[in-house]
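Novice: here's my sequence, what's the structure:
(one chain, ligands or ions: 2)
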Amino acid sequence: MDFVFDFIFPKFCVVCGREGAFLCRKCKKGLPAALQVCPMCTRPSIYGLTHEYCWKKLGLEGLIAIFDYKNKAVRKVVEAIKFGFNRDLAGEVLVGWELPKKLRKTILVPVPLHRWRENWRGFNQAELIGKHLGKKMALVRGLTRTRATNQQARTATRGMRAENIKGAFGLAREGEGLSGKRVILVDDVFTSGVTMRECAGTLKKAGVKQVWGLVLAR
Ligand SMILES: [Zn+2]
Ligand SMILES: [Zn+2]
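Specialist: Ligands and ions are numbered 1, 2, ... in the order given. Okay, the predicted model is just below:
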């Protein structure tokens, strides 16, 4: 069946264009790993742990970034997942990747898109990534976006970006059960980190004990 399907809808590598898979083996091998940073100050940190001096009650405990977003091929993959002509790509990218052992029993919470944007695309890429990451892990849509924000990239300075996202998230009904738990916030990309820090604050205010971040690229 797969064969027939592949014949009618052949797969092409989103990086090099070769036929056979959405991400060919060679290009997958070539995706460079991200440098791990502290999610609070975005400076290098071992294992992505939040620096002791950066730690805040309403902040993140750490961040795990998988691929290096400065790399062209990584960008192509992230874009292709975001604009999603093929849902299998997220799975292909993450084959063989595993969460650190101590985080494997944690609840995944995807960073939500605004409803308008999700409807337009038909899915949320953060949720898609989460589903492929933790097949045995619980995924809870614990957050909602309470208002639309300007596209982050178009909002110039760091201060403006933080202002733009402030109060943009709320706790979803599904998130009410997260109090006292440890969660992993999942997103596709971490750049300035304002979105993730804002989401973490919302969860912690709701009683979540520990918040880790996990992104496909940084
Ligand atoms: Zn390729
Ligand atoms: Zn730091």
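
Novice: nearest spatial neighbour of the spatially most central residue of the chain, chain-adjacent residues omitted?
Specialist: Averaging the C-alpha coordinates of the chain gives a centre point, and the residue nearest to it by Cα atoms, centre = their mean is residue 187 (1.6 Å). Spatially, and ignoring its direct neighbours in sequence, residue 187 is nearest to residue 111 (4.2 Å; Cβ to Cβ, 6 or more residues apart in numbering). The C-beta positions use only the backbone N, C-alpha and C, and glycine is treated the same way.

Novice: ok, residue 54 next?
Specialist: Across the structure, with Cβ to Cβ, 6+ apart as the measure, the residue nearest residue 54 apart from its sequence neighbours is residue 40 (3.8 Å).

Novice: my read: the one you found touches residue 49, true?
Specialist: No - between residue 40 and residue 49 there is no contact under Cβ atoms under 8 Å: 10.4 Å.

Novice: can you give me the strands for this protein?
Specialist: When assigned using DSSP state E, the strands of the chain occupy the ranges 62-67, 107-110, 143-145, 169-171, 182-189, 210-217.

Novice: residue 75: which of the ones you listed is closest?
Specialist: Using Cβ to Cβ as the measure, strand 210-217 is the one of these that comes nearest residue 75, at 7.7 Å.

Novice: what's in contact with that closest one?
Specialist: By Cβ atoms under 8 Å, 6 or more residues apart in numbering, the list of residues contacting strand 210-217 from outside reads 34, 39, 48, 59-69, 74-75, 77-78, 81, 93, 99, 103, 106, 108, 129, 133, 182-190, 196, 199-200, 203-204.

Novice: just stretch 9-27 next, same as before
Specialist: Looking at stretch 9-27 with Cβ under 8 Å, 6+ apart, the contacting residues turn out to be 30, 73, 76, 77, 80, 86, 88, 89, 92, 93.

Novice: single out whichever of the residues you listed has the smallest pLDDT.
Specialist: Summarising pLDDT for these: the lowest-scoring member is residue 86, with 74.

Novice: now for residue 68, how many residues are close by?
Specialist: Burial of residue 68 is recorded as 16 neighbouring residues (other Cβ atoms under 10 Å).

Novice: and it, how far is that from residue 201?
Specialist: When distance is defined by Cβ to Cβ, to the nearest Å, residue 68 is 27 Å away from residue 201.
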